[in-house]
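Peer 1: what's the 3D shape of this:
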Amino acid sequence: MFEVARNKLSVKMKRIAPRVAVRRFVHREEGSAAVEFAVVLLPFLGMMFAIMETALVFFAQQTLETAAADSARLIMTGQAQNAAWQPADFKRRVCDRIYGLFSCDSSAFVSSSTSPNVYVNVQTYSTFGGISYTPPIDNQGRMDTSHFGYNHGGPGDIVVVQLFYQWPIFVSLMNLGSLSNMAAHSRLLVATAAFRNEPYN
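Peer 2: Below you'll find the predicted structure:
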């Protein structure tokens, strides 16, 4: 009789013992800070990298805008025309105003390489209303420079200077893929300056 009761009691204790151990484990709080830190660390780092990536894209865009405005002034005041600059000469002046943030090959006006490079497009128009813009991206998301040219115009002409750069996007977490608008996770940065040339001599 005692033998049977002891066997039943030992079986019941074996069933209860894991529950007690689990309950004791759940109530302990010594490692909770480390576990919470591990759970929060990955989204926190992802968000920090996303913020830095977005800020860097805006900073690069502003730098390109400043370079476009500064280099466009060389055409507007007639310095480029009076010095008879060739396209490579003008691009060299553009590259001088970028200060190392972008890769800028000043030896060629339009580079045919697939590596990121600053592209320059200078066109003249008869009226400001006639200026139109279509992104120079083909249907595969690559840069299309076939319509780019260099025409700085003469005194009183309407000129549009455009600078293009393929900025690489590294963080693709949290829907930041929408930052990229080209193939190979890159964003096309565009800086434009539209103006009428001064009546220079």
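Peer 1: alpha carbons only for contacts and neighbour counts from here, please
Peer 2: Noted.
Peer 1: Helices of this structure, residue ranges please.
Peer 2: Assigned by DSSP state H, the helices in the chain fall at 2-27, 32-76, 79-82, 87-96.
Peer 1: list the buried ones in the shortest one?
Peer 2: Which is helix 79-82. Buried positions in helix 79-82, judged by neighbour count with 16 or more other Cα atoms under 10 Å: Ala80, Gln81.
Peer 1: Show me what Ile137 is bridged to.
Peer 2: Met143 (DSSP bridges).
Peer 1: so it touches Ser146, yeah?
Peer 2: No: in this structure, Ile137 is not within contact of Ser146 by Cα atoms under 8 Å, at 10.5 Å.
Peer 1: more neighbours, the two?
Peer 2: Between Ile137 and Ser146, counted using other Cα atoms under 10 Å, Ile137 has the larger neighbour count: 15 against 8.
Peer 1: Return the residues in contact with the more buried one.
Peer 2: The neighbourhood of Ile137, defined by Cα atoms under 8 Å, 6 or more residues apart in numbering, consists of Met143, Asp144, Met182.
Peer 1: you'd agree the last one is up against Leu188?
Peer 2: Pointing back at Met182 there. Yes: the pair Met182 / Leu188 is scored as a contact, 6.7 Å apart, by Cα under 8 Å.
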